[in-house]
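Engineer: Predicted model and sequence follow; I will ask about them next.
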Amino acid sequence: MATVETRALTKRFEASNAVDAVDLLVKEGEFLVLLGPSGCGKTTLLRMLAGLETPTSGDVLIGGEVVTGLAPRARNVAMVFQSYALYPHLSVRGNIAFPLRAAGAHRDEIANKVETAATMFGIQSLLQRKPRQLSGGERQRVALARAVVRNPVVFLLDEPLSNLDAKLRASARDELQQFQRRLGTTTVYVTHDQVEAMGLGERIAVLDRGRIRQLGTPLEVYHDPADTFVATFMGSPPMNLMETDHVIRGFRPEHCLPREVLGDGGEITPFALTVTRIEYLGADRLIYGTLEAPNPAARVIARLPSTITLPIESGKRYEFAVRTREIKYFDRETGLKRAPTAA
Amino acid sequence: MSASIARQRAAAGRNRPWCDDEALLGRMLLAPAVIYITALVGFPFFLAIFYSLSDATVGSTTLHFVGLRNYEGILQDPTFWRSLQNAIVFTLISQALVVVLGKILAMALYGDFRGKWLVRLLILLPWVAPMSLGSIGWLWIFDPVYSIINWSARALHIFGPEIWPVWLGQPDLAMASVILVDVWRLLPLATVIILAGLSAIPQDIHDAAQVDGAGFWRHLFMINIPLVMPIMLVALLFGIVFTFTDMIVIFVLTRGGPFDTTQVIASYSFFTGVQGGDLAAGAAISLFLFPVLAAVAVVFLTLARRAEVA
């Protein structure tokens, strides 16, 4: 268990910074998620933590010690790859034992630890098999067992669930979190899937173009986004943005409800909406619409739970509203969060 | 009713243009390869078996069946045993060098560096050049009087005034020289084949091994070499077949000399059968190549297949 820290960590590829002066502190035993769209630098950042990429400038610290110049094997970190990167010519046992053999462990110790790791992930019966004889979920478990087996101080996970089918992914997510809690090992997890990030992370670092846009708990990142990028990246559908003179006002689709549903509880901001399209998603109904004057003609999405049975038809005009306290304000120039008071 | 449909179909089959008949077309497309192999591999092979059981000579148009007499003669011929031994030594040493050097070269070429395409091109050149021309070039390099090796070494004071090796004239040096030329000749092919095998390993595997704590040697022997092993065996199989049957290098450089110390089965067969005129004995000698090569091919293809499936 150790802290992981980066100081002004930068990686330059060709003409642009893949990772741009990132300062990040992962606490001991924390589960931190690096979240961002593809190309945002999250994988490069993780690879620099592992020592697989050399930073252009800046430092990586593990357990308070600078490891920037150290080879991956000197860092005692374990990494799980998106492809799992199992050694195809070795059996499952050989794969799990590999890090121990590399560390020069004794035969009996290797046998014991492999057994323990395999039991932890329920793959004892697969030890003789070769990776190609395993299903996607089994391979993922082997990759995790291989990562756990030598008690690394940090786990680095690079989209380990993205190759699983949707159903398996949900249960794998659950297991992953449980085993991380049990071991208490500091974990950095890279993903582009916000559902995964929200579900797994104690804290989420949202990255865009090599910079951390916001670092916070899933609730903070979702309900109190630091800028318009985070606001529109988090949430599906994303936050609605309304540009006015100096500010951008934003509100979540689930906070945008028909006026009569909201009732009189507190201050509300009403607006008129022409509905263009309706999507039924089972538990929810998504209402796509365009704002009417006096507001600018922005596109707005409202998310109505199926408990609201109010009939809504496309092509018609409806009164919608948002509780005023749910509205977020962003600076129109910088996109950064700001106080609601008009400038 | 059904009979009339069948008749219609048969009529349609007859009327179809020949190029739409898949069975016929398939045979026609295969024919050139079959004819080629039959005429240039199959026919000479059976002719060799036939000659080896006869008393055929270059000067005579008649021949008689003599049973296994040629084989008896060969097995009592010390030069034959010497050739067999030389062929095995020549093949094993040169191929061991080719595989090790090919692996090293492939790993050097695997990385990214400026001018990589040029280096790759240069490395391939010995393979592209005609073998006889390359060998003649080496003949000059090894020339007893003008050898560039000797003159360079003397100019650099590596060789003292008494040292003047005659590369192709001293038994041990002659064998070393022909092995060197064979390695020079086959290294490019092995390198390219192994390079292809290396490139097929996903980068993630290398990264994982690095994070898992493997140092250079462990990475090499536990990850890198096992993963390219199937394709390395193919390179080795090619190398063994080419080397064991080759006589161009030997013919151009040493003609089997000095004192048959570089004589191999292929060259001995040529000298006996074609230049010596004893077609029957030459054929019988060359047939000793067959079981060896067949066994090598079977063993290697089995190994490569097993390594692949594993």
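Structural biologist: On my side now, so go ahead.
Engineer: Close to chain B: what parts of the stretch 1-150 of chain A are there?
Structural biologist: A:47, A:50-52, A:71-73, A:77-79, A:81-83, A:85-89, A:98-99, A:101-103, A:130, A:146, A:150 (Cβ under 8 Å from any Cβ of the partner chain). Every C-beta, even on glycine, is put in place using the N, C-alpha and C of the backbone.
Engineer: Of these, grab the buried ones for PyMOL.
Structural biologist: Command for PyMOL that selects the buried part of these, burial taken from 16 or more other Cβ atoms under 10 Å in any protein chain shown:
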select buried, chain A and resi 47+50+51+52+72+73+77+78+79+81+82+83+85+86+87+88+89+98+99+101+102+103+130+146+150
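Engineer: So which of the residues of the stretch 1-150 of chain A next to chain B sit within strands?
Structural biologist: A:77, A:78, A:79 (DSSP state E).
Engineer: tell me the secondary structure for residue B:121?
Structural biologist: helix (DSSP: H, G, I helix; E, B strand; the rest coil).
Engineer: which residues of the stretch 1-150 of chain B score low on pLDDT?
Structural biologist: Applying pLDDT under 70 to the stretch 1-150 of chain B picks out residues B:1-16.
Engineer: Give me the three-state assignment for the closest residue to chain A within it.
Structural biologist: Of all residues in the stretch 1-150 of chain B, residue B:112 sits closest to chain A, at 13.7 Å by Cβ to the nearest Cβ. Assigned by three-state DSSP, the conformation of residue B:112 is coil.
Engineer: Counting neighbours, what do you get for it?
Structural biologist: 6 (other Cβ atoms under 10 Å in any protein chain shown).
Engineer: now residue B:295
Structural biologist: If we define neighbours as other Cβ under 10 Å, then residue B:295 has 10 of them.
Engineer: so who does it touch?
Structural biologist: Applying Cβ atoms under 8 Å, 6 or more residues apart in numbering or on different chains to residue B:295 gives no contacts.
Engineer: Quick check: it is in a helix.
Structural biologist: Yes: in this structure, residue B:295 lies within a helix as judged by three-state DSSP.
Engineer: how much space is there between it and chain A?
Structural biologist: Distance from residue B:295 to chain A, counting by Cβ to the nearest Cβ, to the nearest Å: 26 Å.
Engineer: any idea how far that residue lies from residue B:100?
Structural biologist: 23 Å (Cβ to Cβ, to the nearest Å).
Engineer: Confirm for me that residue A:215 is in contact with residue A:22.
Structural biologist: No: look at residue A:215 against residue A:22 with Cβ atoms under 8 Å: they stay out of range, at 10.2 Å.
Engineer: Comparing those two, which shows the higher neighbour count?
Structural biologist: With neighbours defined as other Cβ under 10 Å, residue A:215 and residue A:22 compare such that residue A:22 has more, 24 against 18.
Engineer: which parts of the helix or strand that contains the more buried one are buried?
Structural biologist: With elements taken from DSSP states H and E, the one containing residue A:22 is strand A:16-26. Neighbour-count burial for strand A:16-26, counted by 16+ other Cβ under 10 Å, picks out A:17, A:18, A:19, A:20, A:22, A:24, A:26.
Engineer: likewise stretch A:297-304?
Structural biologist: Using 16+ other Cβ under 10 Å as the test for burial, stretch A:297-304 gives A:298, A:300, A:301, A:302, A:303, A:304.
Engineer: helix, strand or coil for the third one?
Structural biologist: By that I understand residue A:301. strand.
Engineer: who's it bridged to?
Structural biologist: Beta-bridge partners for residue A:301, by DSSP bridges, are residue A:288.
Engineer: May I have the predicted confidence score for it?
Structural biologist: Looking at residue A:301, its pLDDT stands at 93.
Engineer: Was I right to think it contacts residue A:240?
Structural biologist: Yes: with contacts counted by Cβ under 8 Å, residue A:301 reaches residue A:240, the gap being 6.2 Å.
Engineer: Overlap of the contact sets of these two?
Structural biologist: A:253, A:256.
Engineer: Roughly how far does the most centrally placed residue in chain B sit from residue A:43?
Structural biologist: Centroid check for chain B by Cα atoms, centre = their mean gives residue B:242 as the closest residue, at 1.1 Å. The spacing between residue B:242 and residue A:43, counted by Cβ to Cβ, is 45 Å.
Engineer: ditto for residue B:78
Structural biologist: Distance, residue B:78 to residue A:43, using Cβ to Cβ: 68 Å.
Engineer: Same question for residue B:124.
Structural biologist: Taking Cβ to Cβ, one finds residue B:124 at 36 Å from residue A:43.
Engineer: More neighbours: which of these two?
Structural biologist: For the pair residue B:124 and residue A:43, the greater number of neighbours falls to residue A:43 (21 against 14), based on other Cβ under 10 Å.
Engineer: Doesn't the more buried one lie inside a helix?
Structural biologist: Yes: counting by three-state DSSP, residue A:43 falls inside a helix.
Engineer: Quick check: it touching residue A:191?
Structural biologist: No: using Cβ under 8 Å, residue A:43 is not in contact with residue A:191, being 10.1 Å away.
Engineer: what is in contact with these two at once?
Structural biologist: residue A:159.
Engineer: where do the helices sit along chain A?
Structural biologist: Assigned by DSSP state H, the helices in chain A fall at A:42-50, A:92-102, A:107-120, A:136-148, A:166-183, A:194-200, A:218-223, A:228-233, A:259-262.
Engineer: mind giving me CSV with those and columns for distance to residue B:178 and mean pLDDT?
Structural biologist: Shown next, in CSV, are the helices of chain A (distance: least, Cβ to Cβ, whole Å; pLDDT from 0 to 100):
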stretch, distance to residue B:178, mean pLDDT
helix A:42-50, 49, 92
helix A:92-102, 42, 93
helix A:107-120, 47, 91
helix A:136-148, 49, 91
helix A:166-183, 61, 86
helix A:194-200, 64, 90
helix A:218-223, 72, 92
helix A:228-233, 68, 91
helix A:259-262, 93, 82
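Engineer: Distance to residue B:195 added to the ones you listed, as CSV?
Structural biologist: CSV is the format used below for these (distance: least, Cβ to Cβ, whole Å):
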stretch, distance to residue B:195
helix A:42-50, 25
helix A:92-102, 25
helix A:107-120, 34
helix A:136-148, 28
helix A:166-183, 37
helix A:194-200, 39
helix A:218-223, 47
helix A:228-233, 42
helix A:259-262, 67
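Engineer: tell me the SS of the residue nearest to the centre of chain B?
Structural biologist: Going by three-state DSSP: residue B:242 is helix.
Engineer: now it, nearest residue through space, not along the chain?
Structural biologist: Of all residues not flanking residue B:242 in the chain, residue B:186 sits nearest, at 6.2 Å (Cβ to Cβ, 6 or more residues apart in numbering or on different chains).
Engineer: Check which residues of whichever strand or helix holds the one you found are buried.
Structural biologist: Element membership of residue B:186 [criterion: DSSP H and E] is helix B:171-199. Within helix B:171-199, the residues that count as buried by 16+ other Cβ under 10 Å are B:173-175, B:177-195, B:197-198.
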